[in-house]
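>>> would you be able to build a 3D model of this:
(one chain, ligands or ions: 1)
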Amino acid sequence: MTQLSLKATTPDQIDFDDNHLKITWKDGVTSTFELLDLRKRCPCVVCKGGHGGKVGTTTGGIQSIKLYSINKVGRYAINPVWSDNHQTGIYSFDGLRMLADGLGGDLTL
Ligand SMILES: [Zn+2]
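All right, here's what the predicted structure looks like:
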């Protein structure tokens, strides 16, 4: 498994608009994520259809989504509050950076 540097997985700045989440990392790289894609990848148990389920099981039919806000979870993750009132997903910075760099799409911690 690829090891990312601490700088590569530490956000310097996090912004979002109606369609995208943008994270600028400490190593100077900026990653842009589509909100709909991120919502569908929600790693929480509910969205996976239960323990042991697959990411996206219950989110495949979502047509559009916006972000209300983002809560930071310690130093390692964010917890987005989505416009469908869903907010149990914890997205790790490691997972987000790996997704952005094409190293893997599973955001599970
Ligand atoms: Zn979820």
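>>> briefly note if stretch 33-53 comes near the ion.
Yes - counting by C-beta under 5 Å from the ion, the ion has neighbours in stretch 33-53: 42, 44, 47. In this view, the C-beta of every residue, glycine as well, is placed from N, C-alpha and C.
>>> quick one, what contacts the spatially most central residue of the chain?
Centroid-nearest residue in the chain, with C-alpha atoms, centre = their mean: Tyr91, separated by 4.3 Å. By C-beta atoms under 8 Å, 6 or more residues apart in numbering, Tyr91 lies in contact with 38, 43, 77-80, 107.
>>> for Ser31, state which of those residues is nearest.
Leu38 (11.2 Å; C-beta to C-beta).
>>> what is the mean pLDDT for stretch 28-42?
The average pLDDT for stretch 28-42 rounds to 96.
>>> same question, stretch 13-25
Rounded mean pLDDT across stretch 13-25 is 98.
>>> just the CA atoms of that stretch, as PDB, please.
Extracted in PDB, the C-alpha atoms of stretch 13-25 (Å, rounded to 0.1, in the frame of the first residue of the first chain):
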ATOM      1  CA  GLN A  13      -7.300  24.900   3.400                       C
ATOM      2  CA  ILE A  14     -10.700  23.400   2.800                       C
ATOM      3  CA  ASP A  15     -13.300  25.100   0.600                       C
ATOM      4  CA  PHE A  16     -16.500  24.100  -1.000                       C
ATOM      5  CA  ASP A  17     -19.100  25.500  -3.400                       C
ATOM      6  CA  ASP A  18     -22.300  24.100  -4.900                       C
ATOM      7  CA  ASN A  19     -20.600  21.400  -6.800                       C
ATOM      8  CA  HIS A  20     -17.100  20.800  -5.500                       C
ATOM      9  CA  LEU A  21     -15.000  20.300  -2.400                       C
ATOM     10  CA  LYS A  22     -11.500  21.700  -2.700                       C
ATOM     11  CA  ILE A  23      -8.700  20.800  -0.400                       C
ATOM     12  CA  THR A  24      -5.300  22.400  -0.600                       C
ATOM     13  CA  TRP A  25      -2.700  20.100   1.100                       C
END
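>>> hmm, who's touching it?
7-12, 30-36, 38, 66-67, 70, 78, 80, 93, 96-97, 100.
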